[in-house]
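**Q** Predicted structure and sequence below. I'll ask about it afterward.
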Amino acid sequence: MTPPSPTAPADEPLRALEAASDLLKALASPVRLGIVRELSEGGKYVHELVTALGVSQPLVSQHLRILRNSRIVTTRRQAREIRYHLTDEHIAHIVLDAIRHAQE
């Protein structure tokens with residue numbers, strides 16, 4: 001491990017590890033992983049996620065709230081519905097790689 005740069009605070013590497021840990025905690029649910037997998041294909045409405053995952057609408061909404069609070073997903077209102085999107089495609093890579101690894 002390289003020492004922190006003279007301009008970086010000494011606790012910066014620890015903060016990055018804590019942020020990564022928080023991200024992984026937010027993803028630590030089969031339903032949330034499924035949501036991210038579905039959103040990796042593009043924005044979706046709640047009813048589309050319910051159909052794709054085969055779980056109830058309240059359960060999907062509960063997990064979407066956690067993902068929104070963790071800034072993993074964002075929303076866009078379109079008419080009377082809300083469309084969910086991943087904030088960053090890197091999240092999709094993390095989840096899709098983890099799923100592929102688990103299937104090996």
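**A** Right, received. Where do you want to start?
**Q** how far out from the middle of the chain is the helix or strand containing Leu24?
**A** Taking DSSP states H and E as the criterion, the element that holds Leu24 is helix 12-27. Centroid separation for helix 12-27 versus its chain: 13 Å, with CA atoms, centre = their mean, to the nearest Å.
**Q** Can you name the next helix or strand after it?
**A** Beyond helix 12-27 on the C-terminal side, the first helix or strand identified by DSSP H and E is helix 30-39.
**Q** now the angle between helix 12-27 and that next one, please.
**A** 100 degrees (axes from the mean of the first three to the mean of the last three CA atoms, to 10 degrees).
**Q** List the buried residues for helix 30-39?
**A** Within helix 30-39, the residues that count as buried by 16 or more other CB atoms under 10 Å are Val31, Arg32, Leu33, Gly34, Ile35, Val36, Arg37, Glu38, Leu39. (Glycine included, C-beta is placed from N, CA and C.)
**Q** ok, now stretch 34-54?
**A** 34-39, 43-44, 46, 48-50, 53.
**Q** chain center to that stretch, what's the gap?
**A** Distance of stretch 34-54 from its chain centroid, counting by CA atoms, centre = their mean, is 12 Å.
**Q** ends of that stretch, how far apart?
**A** End-to-end distance for stretch 34-54: 10 Å, by CA to CA, to the nearest Å.
**Q** Quick one: residues in contact with that stretch.
**A** Surrounding stretch 34-54, the residues in contact under the criterion CB atoms under 8 Å, 6 or more residues apart in numbering are 27, 31, 56-57, 60-61, 63-64, 67, 72-73, 76, 81-86, 89, 91-92, 95-96, 99.
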